[in-house]
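Any chance you can model this:
(one chain, ligands or ions: 1)
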Amino acid sequence: MRLSARDKALLDGADGDVNRQAMDALVQLGEAFDAEDMVDIGYAHVHAGMAMYLGDVELMEELAERGARMSVPASTNIANADMENWQATKAPESLVRLQKRAETAHLSMGTGGCFTCTPYWAGHWPTWNTHMASIESGVTIFSNSILGARSNRDGFFAVYAGMTGRYPRFGLHLDENRTPTHRVVVEAAPSGTADFTVLGYAIGAHVTNAVPLVTGLGRRPNLDELDALGVGMATSGGVAMFILPGVTPPYTDKDETLGDRLPSILVRERDLRAVYDDFCTGEENGFDIVHLGCPHASFEEMKHYAQLLDGKTVKSDVELWITTNRTVRQMARDSGLLKPIQASGAKVISDTCPISCHFARTCSPDPSLGVEPPKLRTIVVDSAKQARYIRDMIHCPTLLTTTEKAVETAVSGTFVPRW
Ligand code: F3S
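Reported below is the predicted structural model:
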């Protein structure tokens, strides 16, 4: 791999041992994927340091103590506890104390410390052709497909990329990999974020690791629906970019014809229904929690929840969780949206989500954290991603429906299905 003089200096330890380690890891990554050289990145969305993973917070502390600093704008992915409002999720204080140590490490490294799967709603909005790195698959697909930035699905390497400002040029950093491989014809009328996660899930299951060109939607989805579409694809497949002509830079409406000679996939209403059915495995009257905000809710979604919950009361034996990031929660607080939401009995949770905090309580390997496995019967969700992760990671049955019907479910205590 061709390295710049600066890359070589970093490899030689000119900026200290911690940056040498970071560059060494990136060179190994590049060699594994036959990268010709490295690119400058403009943004990194990095690992938080998870209190539930043994030694993981300590790893971030060690990096910070050795002088690691972000050289580009950076944000942090989701963590295992809401560090402000942790009592709401019944997280043990010992877990939260450990999680807060990761926050301290991140603040000294210069990340925004926003602890979210939707840093774009917190102001991290990489623009067209910005090379970047991201640990979160939803951030990767949103950045590639909606913003036109360039990102692979990275793991811990995103931290090293953030430190050095460099990343090997392979995968979706190359023009030739940002062209469609499949044509998807949608013969359904999805509406709202739940439907779009389901549509994305159906597409991802077909194309697995590919770049689908999506046609037939008949309208421009709003930003929340676009976010949901990508998250769904990234969950059932390894999709890191989709192309929606007229939305995905630089593709215009005329580029629909690019798909004419590609393998074609038809997605009908019955395919969406099949995904909903697959994730309705729980007892319709035996649920504990209704969860909204996967991925973490935008300000627009918070407005929608406030309207749906205004003047309503969540049934006494049900919890309604709404997850969003800290920035959006503060915006919602400042604009009065939290009042009707919290007056209904719903909990607004940041920094984590049911997956991360229940998984922590189910699987924590460290007995000193005092983590008790939650006793959950069923979780009602409005996201195919959340449903899939609940099934696979915390082994709890789910009931998947739309946002509006999930709210009706929380208020009435009786599950209201999509159809
Ligand atoms: Fe975010 Fe948790 Fe969903 S990390 S995308 S809210 S499963």
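
Can you list the low-confidence ranges for this structure?
Applying pLDDT under 70 to the chain flags no residue at all.

Which positions in it make contact with the ligand?
Contact residues, the chain versus the ligand (Cβ under 6 Å from any ligand atom): 78, 117, 138, 231, 294-296, 323, 353, 355, 385-386, 389. The C-beta positions use only the backbone N, C-alpha and C, and glycine is treated the same way.

Only whichever of those residues are buried, select them in PyMOL.
Restricted to buried positions by 16 or more other Cβ atoms under 10 Å, the PyMOL selection for these reads:
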select buried, resi 78+117+138+231+294+295+296+323+353+355+385+386+389
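
Show me the strands in the stretch 301-419 of the chain, by range?
319-324, 347-349, 379-381, 398-400 (DSSP state E, counting those that start in this stretch).

can you redo those strands as CSV with distance to Gly165?
Formatted as CSV, these follow (distance: least, Cβ to Cβ, whole Å):
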stretch, distance to Gly165
strand 319-324, 30
strand 347-349, 33
strand 379-381, 38
strand 398-400, 41
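
Tell me which of these sits nearest to Gln99.
When those are compared by Cβ to Cβ, strand 347-349 sits nearest Gln99, at 13.4 Å.

What lies in contact with that closest one?
Under the criterion Cβ atoms under 8 Å, 6 or more residues apart in numbering, residues 82, 85, 88-89, 293, 319-324, 329, 332, 338, 341-342 lie in contact with strand 347-349.

Just the buried subset of the residues you listed, please.
Buried by 16+ other Cβ under 10 Å: 82, 85, 89, 293, 319-324, 329, 332, 338, 341-342, out of the contacts of strand 347-349.

Closest residue of the stretch 301-419 of the chain to the ligand?
Among the residues of the stretch 301-419 of the chain, Cys353 lies closest to the ligand, at 3.2 Å counting by Cβ to the nearest ligand atom.

Contacts only, for that residue.
Contacts for Cys353 (Cβ under 8 Å, 6+ apart) come out as 78, 117, 291, 293-294, 296, 323, 386.

Same question for Arg150.
By Cβ under 8 Å, 6+ apart, the contact list for Arg150 reads 129-132, 143-144, 172-173, 178.

Please repeat the previous calculation with a cut-off of 6 Å.
The contact partners of Arg150, by Cβ atoms under 6 Å, 6 or more residues apart in numbering, come to 131, 172-173.

Quick one: classify the closest residue to the ligand within the stretch 1-150 of the chain as helix, strand or coil.
Nearest residue of the stretch 1-150 of the chain to the ligand: Cys117, at 3.2 Å (Cβ to the nearest ligand atom). Secondary structure, DSSP: H, G, I helix; E, B strand; the rest coil: Cys117 is coil.

Would you check that it makes contact with Cys294?
No - using Cβ atoms under 6 Å, Cys117 makes no contact with Cys294, being 8.1 Å away.

Relative to Val348, how far out is the residue nearest to Gly123 when sequence neighbours are not counted?
Counting by Cβ to Cβ, 6 or more residues apart in numbering, Thr327 is the residue found nearest to Gly123 once chain neighbours are left out, at 6.6 Å. Going from Thr327 to Val348 by Cβ to Cβ, to the nearest Å gives 13 Å.

Looking only at neighbour counts, state which of those two leads.
Between Thr327 and Val348, counting by other Cβ atoms under 10 Å, Val348 is the more crowded of the two (25 against 20).

What is the distance between stretch 120-135 and the centre of its chain?
On the basis of Cα atoms, centre = their mean, to the nearest Å, stretch 120-135 sits 13 Å off its chain's mean C-alpha point.

and it, which residues are buried?
Using 16+ other Cβ under 10 Å as the test for burial, stretch 120-135 gives 120-122, 124, 126, 130-135.

What is the biggest strand by length in the chain packed up against?
When the chain is parsed with DSSP state E, its longest strand is strand 289-297. If you count contacts as 3 or more Cβ pairs under 6 Å, 6 or more residues apart in numbering; DSSP states H and E, strand 289-297 packs onto strand 319-324, strand 379-381, helix 403-412.

So what angle separates the directions of that strand and strand 319-324?
10 degrees (axes from the mean of the first three to the mean of the last three Cα atoms, to 10 degrees).

Residues contacting strand 289-297, please?
Taking Cβ under 6 Å, 6+ apart as the rule, strand 289-297 contacts 116-118, 138, 231, 319-325, 354, 379-383, 385-386, 406, 409-410.

Pop the domain breakdown of this structure in here.
Per automatic domain parsing, the domain ranges recorded for the chain read 5-174, 179-273, 279-412.

Ends of the shortest one, what's the gap?
Just to be clear, that refers to domain 179-273. Chord length of domain 179-273, first to last residue, is 30 Å (Cα to Cα, to the nearest Å).

and if you look at the first one?
The distance separating the two terminal residues of domain 5-174, taken as Cα to Cα, comes to 22 Å.
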